[in-house]
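Asks: Give me a model of this one.
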Amino acid sequence: MSAVTEAPPADRGPHLAKKINPVSTVRHGMLLTWRSLLKIKSNPEEVLGLTFMPIMFVTLFVFIFGQAISSSWQDYRDFIIPGITAQSVIFATIGTGVALNTDIEKGIFDRFRSLPIARSAPLIGAILGDMVRYLLTVIVVLLVGFAIGFRPGGGFFGVVGAAAVVMLFAFSLCWLSAFVGLLLRTPMAVNIFGSIWMFPLTFGASTFVPTERMPDWVRVFAENNPVTHVTNTMRGMMDGTPFAEPLLWTLAWTVVITGVFFPLATRAYRRRS
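Replies: So this is what the prediction gives:
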């Protein structure tokens, strides 16, 4: 009786991964967002940093500098709460680049590359996870403001609108921070470089003093600074005063920054991982 030789299955050849569509990319990104949030359990000090710094800034500027800068610390409190909210969130976006650089140095993204997921999903997950942390910063600043008597004239919807504006702008800056984090070699270099350009961006704006009180050469920079537009939009929403023009500028800056640094960060991530 002759032996029967079975033909090899047709699928024994090289396996080709299915093309990942945008829906799958979003799903993978959300799963990795959850992973990013779970890291809070093992690193609770990250949350402490995002909450302690805003409290310190509110206390220092309102109660120490408020009386000297304004006629009363209560007036300065109402002026500065939107500014500190914007400054705290925008400054915190440096952490996005630092965290990405750290993960790459540890080889975590090499493991992601071996998984059947969208190449951009780890980047999306890291940034969306950071956005949740930055929202916590907004909430802390507002709670401290309410505790010391801040009562926005724009009401609940004005506060929610202001929070949405600064979060939207922070989302665009996260892509810039991610690009820097993927470009530089070490987390320390990312932190130093991020601070170098973040200090003039946040302090050279209407965050702490009106631009009218600045020297002419500083005022030109401050009035065209995107952080000034964000802060003025937030003040208008919280105070219930007109904010259409700074809002349009804020949206324009958000689109431009995202449009430039989203593809740059994605390309740098593919090269680095």
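
Asks: any idea how far W197 is from G204?
Replies: W197 sits 11 Å away from G204, going by Cβ to Cβ, to the nearest Å. For the C-beta atoms, the positions are set from N, CA and C on the backbone; glycine is no exception.

Asks: what about those two, which has more around it?
Replies: The neighbour comparison of W197 against G204 (other Cβ atoms under 10 Å) goes to G204, with 18 against 12.

Asks: per-residue confidence at that one?
Replies: G204 carries a pLDDT value of 92.

Asks: Look up phi and psi at it.
Replies: Here is the backbone geometry of G204 (degrees, to the nearest 10): phi -90, psi 50.

Asks: That one touches V218, doesn't it?
Replies: Yes - if you go by Cβ atoms under 8 Å, G204 and V218 touch, sitting 6.7 Å apart.

Asks: same for whichever helix or strand Y76 is part of, what does it pack against?
Replies: If you go by DSSP states H and E, Y76 is part of helix 73-92. With contacts taken as 3 or more Cβ pairs under 8 Å, 6 or more residues apart in numbering; DSSP states H and E, helix 73-92 sits against helix 44-59, helix 66-69, helix 121-147, helix 155-183, helix 187-203, helix 226-239.

Asks: list the buried ones in the following helix or strand past the last one?
Replies: By that I understand helix 226-239. Using DSSP H and E, the helix or strand that follows helix 226-239 in sequence is helix 244-272. In terms of neighbour count (16 or more other Cβ atoms under 10 Å), helix 244-272 has its buried residues at 246-247, 249-250, 253-254, 257-258, 261-262, 264-266, 268-269.

Asks: which among the residues you listed gets closest to G125?
Replies: Minimum distance to G125 across these is 11.9 Å, recorded for Y269 (Cβ to Cβ).

Asks: That closest one against L182, yeah?
Replies: Yes - counting by Cβ under 8 Å, L182 is a contact partner of Y269 at 5.5 Å.

Asks: What distance do you get for F156 to M238?
Replies: Distance from F156 to M238, by Cβ to Cβ: 11 Å.

Asks: between these two, who's got more neighbours?
Replies: Using other Cβ under 10 Å, the more surrounded residue of F156 and M238 is M238, with 26 against 8.

Asks: need the contact list for the more buried one.
Replies: Contacts for M238 were tallied using Cβ atoms under 8 Å, 6 or more residues apart in numbering; they are 81-82, 152-154, 158-159, 162.

Asks: between the residues you listed, which has the most around it?
Replies: Counting neighbours by other Cβ under 10 Å, P82 leads the contacts of M238 with 30 neighbours.

Asks: Quick check: closest non-adjacent residue to W253.
Replies: Setting aside the residues directly before and after it, W253 is nearest to P226 in space (Cβ to Cβ, 6 or more residues apart in numbering), at 4.0 Å.

Asks: Can you give me the neighbour number for the one you found?
Replies: Using other Cβ under 10 Å, P226 has 21 neighbouring residues.

Asks: My guess is it contacts W249. True?
Replies: Yes - the pair P226 and W249 passes the contact test of Cβ under 8 Å, sitting 7.4 Å apart.

Asks: Just the buried positions in stretch 200-211, please.
Replies: Buried residues in stretch 200-211, counted by 16+ other Cβ under 10 Å: 201-202, 204-209, 211.

Asks: Check those residues against L38 and report the nearest one.
Replies: Nearest to L38 among the buried residues of stretch 200-211: T202, at 29.9 Å, using Cβ to Cβ.

Asks: Who are the contact partners of that closest one?
Replies: Taking Cβ under 8 Å, 6+ apart as the contact definition, T202 lies against 86-87, 90-91, 227.

Asks: If you rank those by neighbours, which is first?
Replies: Ranked by the number of neighbours (other Cβ under 10 Å), those place A86 first, at 29 neighbours.

Asks: Would you check how far apart it and F261 are?
Replies: Here the criterion is Cβ to Cβ. By it, A86 lies 19 Å from F261.

Asks: What of F221?
Replies: Applying Cβ to Cβ to F221 and F261 gives a distance of 21 Å.
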